[in-house]
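1. What follows is a predicted protein model with its sequence.
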Amino acid sequence: RDVTGVQTCALPISVLGVALTALVLGTWPASQRVLADAAWRIITPHRLRAGFVHARIHSRTGRLPTIVRTTQQPFGERVLVWCPAGTSVADFHSARRVLAAACWAAHITVTGDDQHAQLVTIDVIRH
């Protein structure tokens, strides 16, 4: 009850609204793909960072590469990585299997930038 003595029911209505929204988005096929893609754009950078740790891709001071951007592609995700001093494209090439396992991916390709040696593009191939 609020100060006027009228009982309020805002919480049950909001819970019902969230449940209905989740039901509609979960059963509508077009939204399922959009939700899955959004989830992978969040999961992939986290899994890559875990892979960097396990593959020991870091500078001598312990700095991990920084993930700059993750974009959705037809094959999976494309991740742009900024390497700190002391890491290079060769580190990622040698750790492709570890990174693929960390990302739950079928395969990973690694490409260095032609103009900027500190930038690496990692393609996480799922399809």
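-> Perfect, I can see it now. Residues are numbered from 1 along each chain as shown.

2. Would you state the strands of the chain in chain order?
-> 66-73, 76-82, 107-112, 119-125 (DSSP state E).

3. Report all helices and strands that the shortest one contacts.
-> Pointing back at strand 107-112 there. helix 89-94, helix 96-102, strand 119-125 (3 or more C-beta pairs under 8 Å, 6 or more residues apart in numbering; DSSP states H and E). Heads up, the C-betas are built off the backbone N, CA and C, glycines and all.

4. and among these, the most buried is which?
-> Mean neighbours per residue, mean count of other C-beta atoms under 10 Å, is largest over the helices and strands packed on strand 107-112 for strand 119-125, with a mean of 20.

5. how about the CA coordinates for that one, as PDB?
-> The C-alpha coordinates for strand 119-125 follow below in PDB (Å, rounded to 0.1, in the frame of the first residue of the first chain):
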ATOM      1  CA  LEU A 119      47.200  -4.200 -34.700                       C
ATOM      2  CA  VAL A 120      46.100  -7.800 -35.200                       C
ATOM      3  CA  THR A 121      42.900  -9.000 -36.700                       C
ATOM      4  CA  ILE A 122      41.600 -12.300 -35.400                       C
ATOM      5  CA  ASP A 123      38.800 -14.100 -37.200                       C
ATOM      6  CA  VAL A 124      36.900 -16.500 -35.000                       C
ATOM      7  CA  ILE A 125      35.300 -19.000 -37.400                       C
END
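
6. Cool, thanks, talk later.
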